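> Sequence and predicted structure below; questions after.
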Amino acid sequence: MSKAKKILDQAAGLRNLSRSKPVKVIAVSAGKGGVGKSNVSVNLAVALAKKNKNVLLLDADLGLANIDIMLGLHTKYNLSHVVQGLCHLSDIMLQDASGIRVIPAASGTEHMTQLSPAEHAGIIDSFNELTDDVDYMIIDTAAGISDTVLSFARSSQEIIVVVCDEPTSLTDAYALIKVMSKRYNWSHFHVLANMVRSTREGRELFNKLYRVAEQFLDVRLDYLGAIPFDERVHEAVKKQKPVLVAYPDSHAAKALLQLAETVEDWPLKQSLGGNTSFFLERLVAGEH
């Protein structure tokens with residue numbers, strides 16, 4: 001038995017694990033960069049932590065990671081070192097002051113964007129360690145429709161697609177939805193409008209995407225709401241703090257708290273397995 005096959009079998013074996021309250025796995029994705037996707041991921045994680053949820057934030061942008069920088073965290077190791085077998089996942093896990101746990105990826109490491117099946121399996125296997133009390137796993141994927149993005153997106157239970165008021169944002173978001181639908185039969189997406197100038201603008205962005213998807217794809221798009229354009233978000237980034245922490249009374253922070261309330265109300269998909277085994281099983285399936 002090959003090493004990759006052995007690791008995959010070990011990961012798939014996690015389906016036998018159970019816990020009283022399964023983890024909710026949510027991927028935050030976007031068709032293109034520059035739409036504020038990572039800011040949404042970070043602040044959604046913080047907002048859920050404020051609700052006394054145990055949150056794990058995975059930076060799944062394997063080549064251009066920035067979550068640790070956005071949070072002002074420093075680490076000697078990251079996922080690239082786990083792939084190389086130099087350390088364990090627990091060695092690279094960071095904890096933010098707000099209580100969220102962060103798994104940092106590597107930045108500027110081209111090899112991480114071209115992992116072999118065995119290396120992908122190694123990352124999967126390392127999640128064996130994450131069977132403790134995690135309520136939410138937020139996956140901040142890279143932008144676009146690369147195989148890595150699609151692999152992490154389809155490993156989730158729910159997908160949030162972030163869009164903004166740029167034509168390329170909508171066309172690229174449609175491309176992401178189309179590929180997930182055609183290749184993996186994924187039929188349900190949550191659309192979040194970010195950096196909008198008004199609630200009307202957010203709804204119009206969604207409607208444009210909805211009309212095209214309804215005409216050409218067999219998918220369901222739900223409108224998740226809108227995060228207003230807010231200079232405080234940019235100022236918080238410069239401070240390397242989530243806007244919910246740096247400026248909790250800002251318009252963006254209030255909208256992000258509302259987003260967390262909406263996410264918290266999503267029904268748990270009980271049929272999808274317990275703890276992180278669901279995340280693992282979906283990633284394992286993607287390797288075949």
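All right, it came through fine.
> tell me the mean pLDDT for the helix or strand hosting Leu58?
When secondary structure is defined using DSSP states H and E, the element that contains Leu58 is strand 55-60. In this model, strand 55-60 carries a mean pLDDT of 91.
> With stretch 93-106 instead?
Taken as a whole, stretch 93-106 has an average pLDDT of 88.
> Could you list the buried residues of it?
Using 16 or more other CB atoms under 10 Å as the burial criterion, the residues of stretch 93-106 that qualify are 93-94, 96, 98, 100-106. For the C-beta atoms, the positions are set from N, CA and C on the backbone; glycine is no exception.
> what do you get for stretch 170-177?
Buried-residue list, stretch 170-177, by 16+ other CB under 10 Å: 170, 172-174, 176-177.
> I would like the residues contacting stretch 207-217, please.
163, 170, 173-174, 177-178, 181, 191, 219, 221, 223 (CB atoms under 8 Å, 6 or more residues apart in numbering).
> Redo the residues you listed as CSV? Include pLDDT, secondary structure and distance to Ser250.
As requested, those are arranged in CSV below (pLDDT from 0 to 100; DSSP: H, G, I helix; E, B strand; the rest coil; distance: CB to CB, whole Å):
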residue, pLDDT, secondary structure, distance to Ser250
Val163, 98, strand, 21
Leu170, 96, helix, 26
Ala173, 97, helix, 25
Tyr174, 97, helix, 31
Ile177, 97, helix, 30
Lys178, 97, helix, 35
Ser181, 95, helix, 35
Val191, 98, strand, 23
Val219, 97, coil, 33
Leu221, 98, strand, 28
Tyr223, 98, strand, 22
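> And the helices in the stretch 151-288 of the chain, which stretches?
Using DSSP state H, counting those that start in this stretch, the helices of the stretch 151-288 of the chain run over 167-184, 199-216, 231-238, 243-246, 251-264, 277-286.
> Report the inter-axis angle for the second one versus helix 167-184.
Angle of helix 199-216 versus helix 167-184, following axes from the mean of the first three to the mean of the last three CA atoms, to 10 degrees, is 40 degrees.
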